[in-house]
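Asks: dropping a prediction and its sequence here:
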Amino acid sequence: MKKIIVVLVVMFVSVSTTMAQDWNTDINVAKELASKESKPIILVFQGSDWCAPCIKLDREIWSTEAFKKYANENYVMLKADFPRKKNNALSETQTKANALLAEKYNKQGYFPFVVVLDSKGKVLGESSYKKTTPENYIKELNAFIK
């Protein structure tokens with residue numbers, strides 16, 4: 001019985017790991033990947049533990065299988081999170097890096113805020129939360145790229 005439980009846990013962990021959204025948190029790594037793979041960067045400013053529209057965007061778009069599958073093949077995903085709860089606090093280095101991204105790409109401080117960038121960091125388009133399907137959100141993001 002214990003062996004069956006262990007096998008099921010291992011299977012679940014490996015399936016959920018392979019299906020997870022691949023988020024970068026370093027703009028330089030994202031630019032390098034985007035350049036190497038000829039993909040745009042989708043930069044997401046979010047407040048993961050306090051911003052209701054951010055949480056909805058994550059649940060309704062970013063976390064869906066349709067979006068994750070498409071994004072893994074077509075985008076470099078970059079997240080700049082601004083959590084408020086102490087137990088979700090980021091490292092000082094990451095907090096500073098996110099603040100620098102916000103200074104450059106989100107001067108108004110909107111949350112959620114989605115910025116489509118080319119591999120050099122040039123802004124191609126901007127979006128936010130919309131009540132829509134993952135497929136329609138992908139179409140909107142792609143409209144900035146072409």
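Replies: All right, it came through fine.

Asks: tally of neighbours for Ser40?
Replies: Just so we're on the same page, residue 40 is Pro rather than Ser. Neighbour count for Pro40, taken as other C-beta atoms under 10 Å: 19. To be clear about C-beta, it is placed using only N, CA and C from the backbone, and glycine gets the same treatment.

Asks: who's in contact with it?
Replies: The contact partners of Pro40, taken as C-beta atoms under 8 Å, 6 or more residues apart in numbering, are 34, 75-76, 116-119, 124, 141, 144-145.

Asks: distance of Glu60 from Ser119?
Replies: Distance from Glu60 to Ser119, counting by C-beta to C-beta, to the nearest Å: 28 Å.

Asks: quick one: low-confidence ranges for the chain?
Replies: Applying pLDDT under 70 to the chain picks out residues 1-20.

Asks: hang on, the earlier thing: let me know the closest of the contacts of Pro40 to Ala99.
Replies: Leu117 (17.6 Å; C-beta to C-beta).

Asks: pretty sure the closest one contacts Val123?
Replies: Yes: applying C-beta atoms under 8 Å, one finds Leu117 in contact with Val123, separated by 6.1 Å.

Asks: what residues do these two have in common as contacts?
Replies: Tyr105.

Asks: so between those two, which is more surrounded?
Replies: A count of neighbours by other C-beta under 10 Å puts Leu117 above the other of Leu117 and Val123, at 22 against 13.

Asks: please report the distance of that one from Lys107.
Replies: 15 Å.

Asks: related to what we said a few turns ago, now for the contacts of Pro40: which two are most distant?
Replies: Between any two of those, the greatest separation by C-beta to C-beta is 15.4 Å, found for Ser119 and Leu141.

Asks: cheers, nothing more for now.
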